[in-house]
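K.L.:
Provide a 3D model corresponding to the input given below.
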Amino acid sequence: MFDIGFSEIVVIAVVALVVLGPEKLPKTARTLGHLFGRLQRYVAEVKSDIKREIDLDELRKLQQNVQTAAKEIETSMAEATHGFEAHARDVASAFDATTPTAEATSAASVATSPASGGAAAPPAAAEPPRQASLPGLDRG
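P.N.:
Residues are numbered from 1 along each chain as shown. As a prediction, the model looks like this:
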């Protein structure tokens, strides 16, 4: 803090001894020591307060960065979800458009059936088409 060497301290001590005298010098040195200690504690407290504020400011900036990144991730996930849902709707509508309905399937089977002999048979209860199962897992 101060650039004071040993020789300068000796000169100050000799001058203080001459000016104050040997009776008042110990009391004065003790008082100066207490004041110097208070000054050091005050400076250390101010430094720690400043460091705490700087750390708090850095944490606030970090919190803002994390919140910004979270919002970006949330929006990208929402966009991906909307895109996926739109694609799923398109696939479902394309699938519905290409698969024949149960009524059309039963009507086509009645018309092409050789046992009918050209006469129109009453429509049977239409059964939905079954999905092929894996080998060995047939159920009935």
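K.L.:
Show the average pLDDT along stretch 36-46.
P.N.:
For stretch 36-46, the mean pLDDT works out to 96.
K.L.:
List the buried residues in it.
P.N.:
Residues of stretch 36-46 classed as buried by neighbour count (16 or more other Cβ atoms under 10 Å): none. Any C-beta I mention is one placed from the backbone N, CA and C, and that applies to glycine too.
K.L.:
what does stretch 86-95 give?
P.N.:
Buried residues in stretch 86-95 (16+ other Cβ under 10 Å): none.
K.L.:
Contacts for that stretch next, please.
P.N.:
Stretch 86-95 is contacted from outside by no residue at all, using Cβ atoms under 8 Å, 6 or more residues apart in numbering.
K.L.:
May I have that stretch exported as CSV, CA atoms only?
P.N.:
This file holds the C-alpha atoms of stretch 86-95, laid out as CSV (Å, rounded to 0.1, in the frame of the first residue of the first chain):
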residue,chain,number,x,y,z
ALA,A,86,-48.5,-31.6,-39.2
HIS,A,87,-46.5,-34.4,-40.8
ALA,A,88,-48.5,-37.0,-38.8
ARG,A,89,-51.8,-35.4,-39.9
ASP,A,90,-50.6,-35.4,-43.5
VAL,A,91,-49.6,-39.1,-43.3
ALA,A,92,-52.9,-40.0,-41.6
SER,A,93,-55.0,-38.1,-44.3
ALA,A,94,-52.9,-39.7,-47.1
PHE,A,95,-53.4,-43.1,-45.5
